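**Q** what would the 3D arrangement of this be:
(chains A and B)
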Amino acid sequence: MSKNKYGTIMMNGMIFNNPTFMLVLGTCPTLAMTTSAISAFGMGVSVLIVLTLSNIIISALRKVIPNAVRIPSYIVVIATLVTVLKLFLDKMIPSLYDMMGTFLPLIVVNCLILGRAEAFASKNGVIESALDGIANGAGFTVALVFMGIIREFLGAGSFFGIEILGGFEISFFTTPMGAFIVYGLCIAGFVAVMESVRRRSRIKKTKLLNDQPDLLEEKEAA
Amino acid sequence: MKTKDFFKSNSFKCILVLLIITLVCGAVIAACAVLFRVSDEERLNRSLAKIYGSVEDIPKYSEITVRKSDGGELEGDAKSRSITLFHDSQGFYPDDPAELAKPEQERMSSYTAVIQQVIMDETGKCLVKSRGKGCGFTGGSVTVWVMFAIGDGVEKIEKAVYVNNETDSSQTLIGQFGDAFFAEYTTDEATAVVTGGGYFVTGKMSVGGDNIEVISSGATYTSTAMDVAVNGALYYVREQLPNGSLTFIEEDGNE
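**A** The predicted model follows:
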């Protein structure tokens, strides 16, 4: 049962409730940091770390923090984690720190992080919250990298900084307008794929139940 | 409500929990600030690496004392020097004594450039760290390193890079001013301005005849601050050069 629960949390965070393509959260860094795949990956991993740690801490303190001050408390915790991450990156990975620029401190106001703290970490145990943070962070990272690859390939003719198309580039895709268009198309594609998967799953279940009506009774009994 | 009742109330619990969380988080940040502290030397090496290409390519250099306009040394902790740049639609006029003599309400508009550091490398290049103060976006500052080629006077700006690892909170956060923007200061046209005694001006403007006295480099607040920083560095190097203070000094004191 426990494994199923953890599996459900992971699948929900990464795929069924993907924060970028399904819930459309964290749009600001999604549009700004996907001009290249490397910067997208850096932003994604940063958000994953902050999200996981904030979920763990907030879940651990959920019974201590009064309801009236829960939001300010969450913000203090999230801001602290982002500050520590900023100091760490400035010391250890200055190139990533320079690349992220303004958008590193803006992780504090990323609605994905506060949203998961409020919706999940404040109501669930530490392990479940940690998994939720990892799943949502991983889903966010994969979505950003996917967009980054598309925009970098079309906009600069390169893949993770390696020039592939020999100077060919459509600079439109590195502009904000291009970002919105790529984002919209990715959302449309993702939703279409999910709908298709769900439809097939429903058809499969219906067919199974029609062929084996005893199975329905067993399920209902369980 | 009695004092005892207050200490048992939910309000007190809220205040206490919030205070404890804030104090613990503050302590964590303070500890991490010490643990992950980046020294001034490391920051300087990072900026120089952007100019020279890599840390390994940084040549020997010596630091030049930033001096006052009369050649005297700055006293106490005042290691940086402010330069006032008056401006009108025609251009910049650094440290114009005539304007400075006027009452404040009669003066032209002005910006301030702060010269923070000057170094001379063994190849004869002069690097100036200059800040365009309070004239960037939302009143922020922009700090740049400018590398000058020095021969018979200031010959050209070899390179200008934005310093984005400043710890000063007044530093304007710049998004995407890339290398192409700073390359404007190193073109042949810009070099003609430098050797002709002109300065860089933000925004489009017409110039008289065939003489190019100014270079337009953009029309935003941030590019204005960059122009102020570069102009301040240019003015400082032009002013100090005749004093003969721009020489590379080995560690053993020999030139």
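
**Q** count the neighbours of B:Lys50 for me.
**A** Around B:Lys50 there are 18 other residues, counting by other Cβ atoms under 10 Å in any protein chain shown. (Each C-beta comes from the backbone N, C-alpha and C, glycine too.)

**Q** wait, it touches B:Ala160, no?
**A** No - look at B:Lys50 against B:Ala160 with Cβ atoms under 8 Å: they stay out of range, at 10.3 Å.

**Q** what sits in contact with each of those two?
**A** Overlap of the contact sets of B:Lys50 and B:Ala160 (by Cβ atoms under 8 Å, 6 or more residues apart in numbering or on different chains) consists of B:Trp145.

**Q** quick one, strands of chain B?
**A** Applying DSSP state E to chain B gives strands spanning B:61-64, B:81-88, B:91-94, B:110-121, B:125-133, B:142-151, B:153-162, B:199-201, B:214-216.

**Q** wait, which of those is closest to A:Cys186?
**A** strand B:153-162 (32.1 Å; Cβ to Cβ).

**Q** output the longest helix belonging to chain B.
**A** helix B:10-35 (DSSP state H).

**Q** show me where chain A has strands.
**A** A:158-159, A:162-163.

**Q** so which of those strands is the most packed in?
**A** Among the strands of chain A, ranked by average contacts under mean count of other Cβ atoms under 10 Å in any protein chain shown, first place goes to strand A:158-159 (a mean of 16).

**Q** which helices and strands does that one pack with?
**A** Applying 3 or more Cβ pairs under 8 Å, 6 or more residues apart in numbering or on different chains; DSSP states H and E, we find strand A:158-159 packed against helix A:126-156.

**Q** ok, A:Gly148 - contacts?
**A** Residues in contact with A:Gly148 (Cβ under 8 Å, 6+ apart) are A:33-41.

**Q** one more time with 10 Å, if that's ok
**A** A:30, A:33-44, A:160, A:182 (Cβ atoms under 10 Å, 6 or more residues apart in numbering or on different chains).

**Q** over to B:Gly132?
**A** B:85, B:111-114, B:140-144, B:172, B:222-233.

**Q** can you lay out the strands of chain A as TSV showing mean pLDDT?
**A** What follows is the strands of chain A, written out as TSV (pLDDT from 0 to 100):
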stretch	mean pLDDT
strand A:158-159	88
strand A:162-163	86
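
**Q** flag every residue of the stretch 1-150 of chain B that's near chain A.
**A** Proximity of the stretch 1-150 of chain B to chain A, by Cβ under 10 Å from any Cβ of the partner chain, involves residues B:10-11, B:13-18, B:20-22, B:24-29, B:31-38, B:42-43, B:46, B:49-50.

**Q** just the buried ones from those residues?
**A** B:13-14, B:17-18, B:21, B:25, B:29, B:32, B:38, B:43, B:46, B:49-50 (16 or more other Cβ atoms under 10 Å in any protein chain shown).

**Q** quick one: low-confidence parts of chain B?
**A** Chain B contains residues with pLDDT under 70 at B:1, B:68-71, B:73-79, B:89-91, B:95, B:136-138, B:164-180, B:202-220, B:241-255.

**Q** can you tell me the centre-most residue of it?
**A** Geometric centre of chain B, nearest residue: B:Arg131, 2.1 Å, by Cα atoms, centre = their mean.

**Q** show the contacting residues for that residue.
**A** Contacts of B:Arg131 by Cβ under 10 Å, 6+ apart are B:80, B:82, B:112-116, B:141-144, B:163, B:166, B:168, B:170-171, B:225, B:228-229, B:232-233.

**Q** could you rerun that using 6 Å?
**A** Listed by Cβ atoms under 6 Å, 6 or more residues apart in numbering or on different chains, the contact partners of B:Arg131 are B:114, B:141, B:143, B:229.

**Q** redo the residues you listed as CSV? Include neighbour count.
**A** As requested, the contacts of B:Arg131 are exported to CSV (neighbours: other Cβ atoms under 10 Å in any protein chain shown):
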residue, neighbour count
B:Val114, 20
B:Ser141, 22
B:Thr143, 26
B:Ala229, 32
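
**Q** closest one of the residues you listed to chain A?
**A** B:Thr143 (13.9 Å; Cβ to the nearest Cβ).

**Q** hmm, that closest one is touching B:Val163, no?
**A** Yes - judged on Cβ atoms under 6 Å, B:Thr143 makes contact with B:Val163 at a distance of 4.2 Å.

**Q** how many neighbouring residues does A:Trp114 have?
**A** You called it Trp, but residue A:114 is Leu. Using other Cβ under 10 Å, A:Leu114 has 18 neighbouring residues.

**Q** quick check: closest non-adjacent residue to it.
**A** Closest residue in space to A:Leu114, ignoring its immediate chain neighbours: A:Tyr74 at 6.1 Å, by Cβ to Cβ, 6 or more residues apart in numbering or on different chains.

**Q** quick check: the one you found vs B:Val17, distance?
**A** According to Cβ to Cβ, to the nearest Å, A:Tyr74 stands 12 Å off from B:Val17.

**Q** now swap in A:Phe120 and tell me
**A** 21 Å.

**Q** again with A:Thr27
**A** 32 Å.

**Q** residue 159 bridge partners, please.
**A** If you meant another chain, say so; for now it's chain A. A:Ile162 (DSSP bridges).

**Q** wait, I meant chain B there
**A** When assigned by DSSP bridges, B:Lys159 has beta-bridge partners B:Met147.

**Q** can I assume it is in contact with B:Ala149?
**A** No - applying Cβ under 6 Å as the test, B:Lys159 and B:Ala149 come out as separate, 9.7 Å apart.

**Q** so for these two, which sits in the more crowded spot?
**A** More neighbours surround B:Lys159 than the other of B:Lys159 and B:Ala149, with 20 against 16 (other Cβ under 10 Å).

**Q** show me how far stretch A:202-209 is from its chain's centre.
**A** Chain-centre distance of stretch A:202-209: 31 Å, with Cα atoms, centre = their mean, to the nearest Å.

**Q** in contact with the spatially most distant residue from the centre of chain B, which residues are there?
**A** Going by Cα atoms, centre = their mean, the residue of chain B most distant from its centre is B:Lys2, 57.7 Å out. If you count contacts by Cβ under 6 Å, 6+ apart, B:Lys2 has none.

**Q** now it: how far from chain A?
**A** 21 Å (Cβ to the nearest Cβ, to the nearest Å).

**Q** list the contacts for A:Lys91?
**A** B:36, B:38.
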